[in-house]
Structures are given as structure tokens and as C-alpha cells.
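Chemist: model this:
(2 chains)
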Amino acid sequence: MINRLFIANRGEISLRIIRTAQRLGLTAILGVSEADKNALPARVADEIALIGPSPSSESYLNIPRVIAAAKAARADAIHPGYGFLSENAAFGRAVLDAGIIFVGPDISSLESMGDKLMAREMGVAAGLPVVPGGEAETKAAARAQAEVTGYPLLLKAVSGGGGRGMKRVDTPETLDAQIDMAMAEAQAAFGDNRIYVERYIGKGRHVEVQILGDGETAIHLGTRDCSIQRRFQKLVEEAPAFGIPDEKHAAITDAAVKLAKHINYRGAGTVEFLVDAETFAFYFLEMNARIQVEHPVTEAVTGIDLIEQQLLIADGQRLGLSQNLVAISGHAIEMRINAEDSEKNFQPSPGRVKSARWPAGPGIRVDTHIGAGGLVPPFYDSLIGKLIVAGKDRAETVTRLQAALATLDIEGITTTTALHRRIAADARFIKGEADTRFFEGLQIV
Amino acid sequence: MSRELNFSHEDVTEIVAILDKTPYDRLDIRTGRFTLRVIRSGEGWTQELEFSDDAAPVEISAPEAAAAEAEGILAIRSPLPGTFYRAPQPGAAPFVEVGDTVTPDTVIAIIETMKLMTSVPAGCAGVVEEIVAHNASLVEAEAILMRVRAA
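Modeler: Next up, the predicted model:
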């Protein structure tokens, strides 16, 4: 039985976990760094335990210190939140070695999903589609691989990155010439002429499936679309993923459940897919073996408290939910409000918050640890809060979101609020046509 | 220790629903450690948590007031708050040492803020006279990092 829950995290997610822990009657013990000991989560927790000095490497990322603080606080379980040590297999093992329950998946799941290549192999073994492609050392091998991959395709340098040596090939007729050029460029740029042949997805969407498993069975809690990203950082997330034909949508959720069952997944997890925005062909990317930043949009459309589910599963219980008890109703959108200046190349903006007026009202949820007088320390990431808006359908949700953003007012630090207002006013966003290239096309007003 | 009130978003939505039917524009709920303030804003509502003064966290000390600099001495200041590093990575040689000549574009340090690294150019030309900030220490925006004798 979990009675004393140690939270090895900070910021909005620590407050989020404290809230559910207290509702369930647990004692919420918050591990804090020096910088966070007066922050809102520390004021709300039942007990606080000092982990160490402010820098993450000496506190939230320091395995021996976190374990020592949890032991001293007589914790019987540790919730790692997201980020920091949440997907660190060595941490998970250290928690178990200390005789404490780890609120997360089995260590074997952390290990296999932590390695991208291993995760891809696991996906293939479970029968999931992955982006078709393969390596080629010679021109003949590249030709053979192109036959299998299909068109349009991309030729990439195996040793490359950042788009160098990348060639798009639309038809077989142009393949040979492009292979020669790609190999020559790869040789010149990286001293290695090997290329990788991969299916080209012109308009891609990032779609993910929320999974719950108890080690024996697994269910899904629907999809989320997280296509609006900047440098692979998500800015906006929605549930459910919209505008995907029903049978494709069902195939995506089925694939995610299949993977979770294949690895006997225990806990809450997210299976991520790249979806072709035109054909809706989908490809497994990776699995995140933890709670995610964007989990509240799933909570908004299912009414299920994901932190509670994590705690019940960690406590050794079987899933209390079955697939037919999970109903998706309405639509929800989350925007991440960061302490960054989007006009100055997203320069961080830590400091003292003078006032923080977050929206309130029907369908609105704000997950934040930031209030008037709060401090955004320079040591940690820039997320200061999440605005989650729900409505009966996507149109109502977008209208509510726009109104909510108009009232959001944070003073003392610079935030990404203005950027989010631009996103919410963008025609592609309003129509639900955003793909992963959305940010590049965003009008700078 | 008695448990602090911890308002859920459902609680806030209910408070707004009640207030919305009244002529009132603002409600403050004070607890031991903070105040929840619900305020009418145009057509909608906002919520704000404010920490009570007595429990307010200690301010991080502001940067030293810019003392009058000796003639010909220029200060290089931090463009933003963060951790000051003299070298590009642990164990590497520092970007500059006392006695080195710098030009406006010479990178003299990096500041790590919220997991992002920002390089700091000298912004002036001359010879490094003094390194003021300690390596790996936290500096405020505008804090003096180094002093340079103008060329």
C-alpha cells in the first residue's frame, strides 16, 4: 500500500501530482532544491524534503541525493513526474533497491524504450509499421532499397544530420543520378558515403496514443495531436487527434495497444506515431514510458485522472478500467506557456512574477505553479504553466481558447502568450489543418 | 500541520459560475499561505494565486549598483540571469584570462539559463583587467562579469 508518496520533480507537474495524492488520502512529500523550497508546490505539499542545491545536477538529477531524501522521509513510493529522472533506468533500479515503489513502468520497459533503435525493433516485432527505409552501402543496394521503400523517398547520409546530403526523389527515373549525388555529398561532408533510403512524408502529423497497462492487459485512452512544434518541442496539444478517418484512427489506437501488450507494459505510457496528413498512413516513432506534459487534454475528454491510474497500477492493482468504459467526449486543447521571449529567438526569461492572471471559467483548466510573487528560477526548464481548454467540439474549444488567451496576463517576465495568440488566430489552426511544418508558416505580426 | 487548501480547476470553475450570476467583479479567498483571487476580465474571468507577504521567498540579491568605474575601465555585463561559465565545457581552457586582448566579438563566457546556453561577447575592445564573477556561479541580468581596460 502506498501511503507516503515522494514526488521527485518540481513545477506544475509536482503540484499536479500533489493534488491527486492528497485527494486519494496519501501524504504528499515533495523533494525540493534550494531554489524551490518556498515555491507554491512546497507550500501545498504535506511535507517537504530538501534534496540539494539549486542546479538540477545537484538536486533533481542526482540519484543518490533523491534516494537519500526519499528514504529519510520514509516514503513508500516515488513519483518521478516527467523529464529529470523519469525515464532513467538506473534511477528506477535505485528506487527498487531502496525498497521503494517506483511509480512508472518495469525497468525493462524503460531500457527498451530508452534506446531509439531498440524501440524501433520492438515496434517491428509487435507488428507496428515503422517509416519504411534502410541503409545502403552501394548504388545497387540503394536501388534495391528504393524498390522496397517506394516513392517519394529521401536519400540521407548515414553519418549525417541537419539535412546535409539529403535528396528527395519523386520517381524511379531520377533515382540513379540522385544516388550518385547523395553518395558524393555524404562522402565530402562526413567522409562516409553510405546513405539511408527512407520514405518521404511531405505533410506529417504527430499523433500519439495514451496507454494504460497493468502488465497483463492494456487499454488506450484515445489519441492526441501534437503537430505544432518548434525544434521538436511541442507547443500545442489536442485530444482527440482530429480529421483522421475513423478506420485509420482505430488502426492507430489498436497498434498502440498491441505494442503495450507485446511488452507487457505496466503503467501509463504514450505511443507516438508519424501520420501522413494526406494518406493517413501511420508509422511508429517511439514510446514514452512516463506521464507526459500534455496528459491533461486526455483527462479532459475522458474524465480519467491519469496520475490516479499511475498510482493504482504502481500499488500493484489490476486495471480498474476496461476499454468499453473509456468514452471520449468533446475536444480539448493545451497550450504550453513558457518563460521565453518568442520575439527574441525564444530567449529564456526567468525572474520574479509580478502578477499572473490566468484564465478561469467553463471548460478552462490551468496547471501552473506560478502566481503573483512567484519566482521562475534560471536553473530549470521554461514551462510556467499549461492552459487547457475543453468544449463540446473542436470549434467551441477554439473559440473558448481564443477568449481565454485574451484574458491571460502575466507580468514581470516575458512569456510565449503572444505567440499562442498568433497560433490561435492562424487559419490553419482554426481549420484543424496544422502539420509539423506549421511553425515555419506562422505569420509574424 | 493542517493541510493547505488546494483548489482544483473544478473548484475554480464553480466559483466562477457562482460569481458570474452576481454583480461582483472580484472574490479573494485567503488561506494560510496564499490568496486565490478570481477577477472579472472583459467577457471572461481570470484567477490568480498570490503568496502572502510573510511567507514570501527571499529575493535573489539584485546586481550591485553600478559603481562608478575607474577611467578607461569598461564592464562586461551578463545579458540575462543564469549560471556563468568561463569555459565552453568542464575541463576546457577558459575563453579568456586576465591580460588577454578582446574585441567586441570575442566570446568571453557562456551563461546557462533554463537549459539553454547563451554566449556572451565582450562588446568592447581592450585587455581583460579583472574577472569578477566566479565560474559556475549564478549571476543576475546586468551583473558585472569582467572588467576590461579600453584599448
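
Chemist: So the most centrally placed residue in chain B versus chain A, what's the distance?
Modeler: Closest to where the C-alpha atoms of chain B average out (C-alpha atoms, centre = their mean) is B:P81, at 4.8 Å. B:P81 sits 5 Å away from chain A, going by C-beta to the nearest C-beta, to the nearest Å. Bear in mind the C-beta positions are built from the backbone N, C-alpha and C, glycine included.

Chemist: cool, and B:A125?
Modeler: Taking C-beta to the nearest C-beta, one finds B:A125 at 25 Å from chain A.

Chemist: list the contacts for the residue of chain B positioned farthest from its centre?
Modeler: Going by C-alpha atoms, centre = their mean, the residue of chain B most distant from its centre is B:K21, 40.6 Å out. Residues counted as contacts of B:K21 (C-beta atoms under 8 Å, 6 or more residues apart in numbering or on different chains): none.

Chemist: Quick check: pLDDT value at it.
Modeler: B:K21 carries a pLDDT score of 94 in this model.

Chemist: got a list of what the residue in the stretch 151-300 of chain A positioned nearest to chain B touches?
Modeler: Using C-beta to the nearest C-beta, the single residue of the stretch 151-300 of chain A nearest to chain B is A:P296, 8.9 Å away. Residues near A:P296 by C-beta under 8 Å, 6+ apart: A:A332, A:E334, A:R365, A:D367, A:K386, A:I388.

Chemist: how near is the residue farthest from the centre of chain B to B:G44?
Modeler: 15 Å (C-beta to C-beta, to the nearest Å).

Chemist: Kindly report the same for A:E286.
Modeler: Taking C-beta to C-beta, one finds A:E286 at 38 Å from B:G44.

Chemist: cool, B:A136 as well?
Modeler: Taken as C-beta to C-beta, the span from B:A136 to B:G44 is 45 Å.

Chemist: When the two are compared, which one has more neighbours?
Modeler: Remark: of B:A136 and B:G44, B:G44 carries more neighbours, 19 against 13, as counted by other C-beta atoms under 10 Å in any protein chain shown.

Chemist: Hmm, the more buried one is touching A:P362, no?
Modeler: No - counting by C-beta atoms under 8 Å, B:G44 does not reach A:P362; the two are 9.5 Å apart.

Chemist: helix or strand for A:S109, which one?
Modeler: helix A:107-114 (DSSP states H and E).

Chemist: Residue ranges in the stretch 101-250 of chain A under the pLDDT threshold?
Modeler: A:116-117, A:160-165 (pLDDT under 70).

Chemist: Point out the residues in it that sit beside chain B.
Modeler: With the criterion set to C-beta under 8 Å from any C-beta of the partner chain, the stretch 101-250 of chain A never comes near chain B.

Chemist: And the helices in the stretch 101-250 of chain A?
Modeler: A:107-114, A:116-125, A:139-149, A:175-190, A:246-262 (DSSP state H, counting those that start in this stretch).

Chemist: Now tabulate these in JSON lines and tack on mean neighbour count.
Modeler: Shown next, in JSON lines, are those (neighbours: other C-beta atoms under 10 Å in any protein chain shown):
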{"stretch": "helix A:107-114", "mean neighbour count": "19"}
{"stretch": "helix A:116-125", "mean neighbour count": "15"}
{"stretch": "helix A:139-149", "mean neighbour count": "16"}
{"stretch": "helix A:175-190", "mean neighbour count": "17"}
{"stretch": "helix A:246-262", "mean neighbour count": "18"}
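
Chemist: export the ones you listed to JSON lines and tack on distance to B:C124?
Modeler: Shown next, in JSON lines, are the helices of the stretch 101-250 of chain A (distance: least, C-beta to C-beta, whole Å):
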{"stretch": "helix A:107-114", "distance to B:C124": "46"}
{"stretch": "helix A:116-125", "distance to B:C124": "45"}
{"stretch": "helix A:139-149", "distance to B:C124": "54"}
{"stretch": "helix A:175-190", "distance to B:C124": "37"}
{"stretch": "helix A:246-262", "distance to B:C124": "57"}
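
Chemist: circling back: so the residue of the stretch 151-300 of chain A closest to chain B is in which element?
Modeler: Using DSSP H and E, A:P296 falls in helix A:295-302.

Chemist: Can you name every helix or strand that the helix or strand following that helix contacts?
Modeler: Using DSSP H and E, the helix or strand that follows helix A:295-302 in sequence is helix A:306-314. When contacts are defined as 3 or more C-beta pairs under 8 Å, 6 or more residues apart in numbering or on different chains; DSSP states H and E, helix A:306-314 packs onto helix A:11-23, strand A:77-79, strand A:204-214, strand A:266-276, helix A:295-302.

Chemist: export helix A:306-314 as PDB, just CAs?
Modeler: Only the C-alpha atoms of helix A:306-314 are listed here, as PDB (Å, rounded to 0.1, in the frame of the first residue of the first chain):
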ATOM      1  CA  LEU A 306      -4.100   9.700 -15.200                       C
ATOM      2  CA  ILE A 307      -2.000  10.300 -12.000                       C
ATOM      3  CA  GLU A 308      -4.500   8.300 -10.000                       C
ATOM      4  CA  GLN A 309      -4.300   5.400 -12.600                       C
ATOM      5  CA  GLN A 310      -0.500   5.500 -12.300                       C
ATOM      6  CA  LEU A 311      -0.600   5.300  -8.500                       C
ATOM      7  CA  LEU A 312      -3.200   2.400  -8.600                       C
ATOM      8  CA  ILE A 313      -1.100   0.400 -11.000                       C
ATOM      9  CA  ALA A 314       2.100   1.100  -9.100                       C
END
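
Chemist: Let me know whether whichever helix or strand comes after that helix sits next to chain B.
Modeler: Toward the C-terminus, helix A:306-314 is succeeded by strand A:331-338 as the next helix or strand (DSSP H and E). No - Strand A:331-338 does not reach chain B (C-beta under 8 Å from any C-beta); its nearest approach is 8.7 Å.

Chemist: if we can go back for a sec, so which of the helices and strands packed on helix A:306-314 has the densest surroundings on average?
Modeler: strand A:77-79 (a mean of 28; mean count of other C-beta atoms under 10 Å in any protein chain shown).

Chemist: show me the contacts for the residue lying closest to A:R437 once chain neighbours are set aside.
Modeler: Distances taken as C-beta to C-beta, 6 or more residues apart in numbering or on different chains put A:K203 closest to A:R437, at 7.4 Å, once the chain neighbours are dropped. Each residue near A:K203 by C-beta under 8 Å, 6+ apart is listed here: A:D276, A:A277, A:E278, A:D435, A:R437.

Chemist: helices or strands up against the helix holding A:S109?
Modeler: By 3+ C-beta pairs under 8 Å, 6+ apart, helix A:107-114 packs against helix A:89-97, helix A:116-125, strand A:266-276, strand A:282-288.

Chemist: try 7 Å
Modeler: Other elements packing on helix A:107-114 under the criterion 3 or more C-beta pairs under 7 Å, 6 or more residues apart in numbering or on different chains; DSSP states H and E are helix A:89-97, helix A:116-125.

Chemist: Specify the angle between the first one and helix A:107-114 in degrees.
Modeler: So that's helix A:89-97. If you take axes from the mean of the first three to the mean of the last three C-alpha atoms, to 10 degrees, helix A:89-97 sits at 170 degrees to helix A:107-114.

Chemist: Kindly report the same for the last one.
Modeler: Counting by the same axes, to 10 degrees, helix A:116-125 points 100 degrees away from the direction of helix A:107-114.

Chemist: now the residue nearest to the centre of chain B: how far from A:P378?
Modeler: When distance is defined by C-beta to C-beta, B:P81 is 5 Å away from A:P378.
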